[in-house]
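[1] What follows is a predicted structure for the sequence shown.
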Amino acid sequence: MISGKFAISLHILTLLSRHSHEYLSSDHIAESLNMNPVLVRKEIANLKRFDIVESREGKNGGTRLCKPADGITLDEIFRMTFQSVSLGFSRNKPNPRCPIGRKINNNLTSLYSDINHKVTRQLSGVSLLNFADTF
């Protein structure tokens, strides 16, 4: 299922892209997101796993982008938070004797595959810099 992780990650990265030569504290980032800095640090830890941000500790510490914003696509960011759009299936097993029940999961799989292809195509065409420039 889609959660707010993509929006949170995109918000963090957009903020970092606007301050590309600075290390921003998790408190500063959390203030922009209006959320707890602990939750921000959790998302930053995920972004660090993908080598898209770097952090340093101490008085002048914080987080900054490791890559130029024009070299990061929104699809890359999406895939750091989700592998695909997952809208889910019914928890119960459909009746195989029913003409709908027998095919519903195959048809949903096809539909979700098409949605994921469209999401990838749309997000691949937008860089973090393009997105950040809309602010």
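    Yep, that arrived.

[2] my guess is Gly101 contacts Ser90, does it?
    No - counting by C-beta atoms under 8 Å, Gly101 sits too far from Ser90 to count as a contact (9.3 Å). Using the backbone N, CA and C atoms, a C-beta is placed for each residue, glycine as well.

[3] Against which helices or strands is the helix or strand where Ile77 lies packed?
    In this assignment (DSSP states H and E), Ile77 forms part of helix 74-81. For helix 74-81, the packing partners by 3 or more C-beta pairs under 8 Å, 6 or more residues apart in numbering; DSSP states H and E come out as helix 5-18, helix 37-49, helix 104-124, helix 128-132.

[4] To Arg97, which of those helices lies closest?
    Ranking the helices and strands packed on helix 74-81 by their distance to Arg97 (criterion: C-beta to C-beta) puts helix 104-124 first, at 12.9 Å.

[5] Check which residues of that closest one are buried.
    Burial within helix 104-124, assessed by neighbour count using 16 or more other C-beta atoms under 10 Å, is assigned to Tyr112, Val119, Thr120, Leu123.

[6] cool, stretch 65-74 as well?
    Leu65, Lys67, Ala69, Ile72, Thr73, Leu74.

[7] and for that stretch, what are the contacting residues?
    10, 13, 16-17, 20, 51-54, 123-132 (C-beta atoms under 8 Å, 6 or more residues apart in numbering).

[8] avg pLDDT for it?
    For stretch 65-74, mean pLDDT rounds to 95.

[9] Now do the end-to-end distance for that stretch.
    Counting by C-alpha to C-alpha, to the nearest Å, you get 14 Å between the two ends of stretch 65-74.

[10] and that stretch, how far from the chain's centre?
    In this view, stretch 65-74 has its centroid 13 Å away from the chain centroid, taken as C-alpha atoms, centre = their mean, to the nearest Å.

[11] Thank you, goodbye.
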